[in-house]
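Novice: curious how this folds, go ahead:
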Amino acid sequence: MYNISSIWSTRYIDDMKLNDYRLRKKWSYGQLAMMTGASHATVVRRWCLPLTHKNSMIPDKKFMLQIVKLTNGEVQPNDFYFE
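Specialist: Below is the predicted model of the structure:
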C-alpha cells in the first residue's frame with residue numbers, strides 16, 4: 001500500500017499544474033497517459049487544459065492518486081480545481 005501522507009508532506013508552496021509538470025519533464029500526452037493508466041492521450045490533454053477551457057476535464061479519483069504519486073506530490077488534487 002502506498003503511504004499518501006508521505007506525498008502530502010512533500011508539498012511545495014507553489015501550485016503545480018499537471019501541464020507545467022508534463023512540460024518540465026518533457027513528456028508527451030501519450031507518455032503521461034501510459035504512466036497514469038489513462039485510456040488515451042486525449043484524456044490527458046483535457047486534464048492539462050486550463051480549468052476555464054470548455055474541454056477541460058478533472059481526473060477521476062483513481063487517476064488523481066496516480067498523478068500525485070507520479071509527480072511526488074508536486075501536483076495535488078486542488079491544482080485541478082483552482083486557477
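
Novice: what is the burial count for the residue nearest to Met35 when sequence neighbours are not counted?
Specialist: Leaving out its chain neighbours, the residue that sits closest to Met35 by Cβ to Cβ, 6 or more residues apart in numbering is Leu70, at 5.7 Å. From N, CA and C alone the C-beta is placed, and that goes for glycine too. If you count neighbours by other Cβ atoms under 10 Å, Leu70 ends up with 18.

Novice: which strand or helix spans the closest residue to Ser39 other than its chain neighbours?
Specialist: The shortest distance from Ser39 to any non-neighbouring residue, by Cβ to Cβ, 6+ apart, is to Ala33 (7.3 Å). Ala33 is part of helix 29-36, with elements assigned from DSSP states H and E.

Novice: helices or strands up against that helix?
Specialist: With contacts defined as 3 or more Cβ pairs under 8 Å, 6 or more residues apart in numbering; DSSP states H and E, helix 29-36 has these neighbours: helix 18-25, helix 41-48, helix 61-70.

Novice: can you rerun that using 6 Å?
Specialist: When contacts are defined as 3 or more Cβ pairs under 6 Å, 6 or more residues apart in numbering; DSSP states H and E, helix 29-36 packs onto helix 41-48, helix 61-70.

Novice: just the local confidence number for the spatially closest residue to Ser56 that is not a sequence neighbour, please.
Specialist: Among residues not flanking Ser56 along the chain, Leu49 sits closest, at 4.2 Å (Cβ to Cβ, 6+ apart). pLDDT, Leu49: 96.

Novice: for Leu49, phi and psi?
Specialist: Backbone dihedrals for Leu49, given as degrees, to the nearest 10, come out at phi -70, psi 150.

Novice: how much space between it and Arg22?
Specialist: 12 Å (Cβ to Cβ, to the nearest Å).

Novice: mind showing which ranges of this protein have poor pLDDT?
Specialist: Along the chain, segments meeting pLDDT under 70 span 1-14.

Novice: let's go with 90 and repeat that
Specialist: For the chain, residues meeting the criterion pLDDT under 90 lie at 1-16, 81-83.
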